[in-house]
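J.: fold the following and give me the result.
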Amino acid sequence: MEIDGNTKRFPKSIFPRNAAVGDVVKISDNKVKVLKEETEKLRREVEDLMNDVWED
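T.: Modelled structure (predicted):
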């Protein structure tokens, strides 16, 4: 997992089953919460950037 540009390792067991690659998460007291709204916002930002790069 990347935090502030640095890679950190966490046990898979602390992540909820619905967590996926690319999800924005909040880690507190070794508990992880998937932040759905932030994940969707980030996905849209990345998609917009990709569309700008690959425009004809």
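J.: for Ile27, which residues are in contact?
T.: The contact partners of Ile27, by Cβ atoms under 8 Å, 6 or more residues apart in numbering, come to Phe10, Ile14. The C-beta positions use only the backbone N, C-alpha and C, and glycine is treated the same way.
J.: for the strand or helix carrying Arg44, buried residues please.
T.: Using DSSP states H and E, Arg44 sits in helix 36-53. Within helix 36-53, the residues scored as buried using 16 or more other Cβ atoms under 10 Å are Thr39.
J.: close enough to count as contact, Phe15 and Val25?
T.: Yes. Counting by Cβ atoms under 8 Å, Phe15 does reach Val25; the two are 7.5 Å apart.
J.: can you list the neighbours in contact with the lowest-mean-pLDDT helix or strand in the chain?
T.: Lowest mean confidence among the helices and strands of the chain (mean pLDDT, DSSP states H and E): strand 2-3, at a mean of 83. Contacts to strand 2-3, defined as Cβ under 8 Å, 6+ apart, come from residues Lys8.
J.: whichever helix or strand comes after that strand pairs with which strands?
T.: Counting by DSSP H and E, the next helix or strand C-terminal to strand 2-3 is strand 6-7. Paired strands of strand 6-7, with direction, are strand 2-3 (antiparallel) (DSSP bridges).
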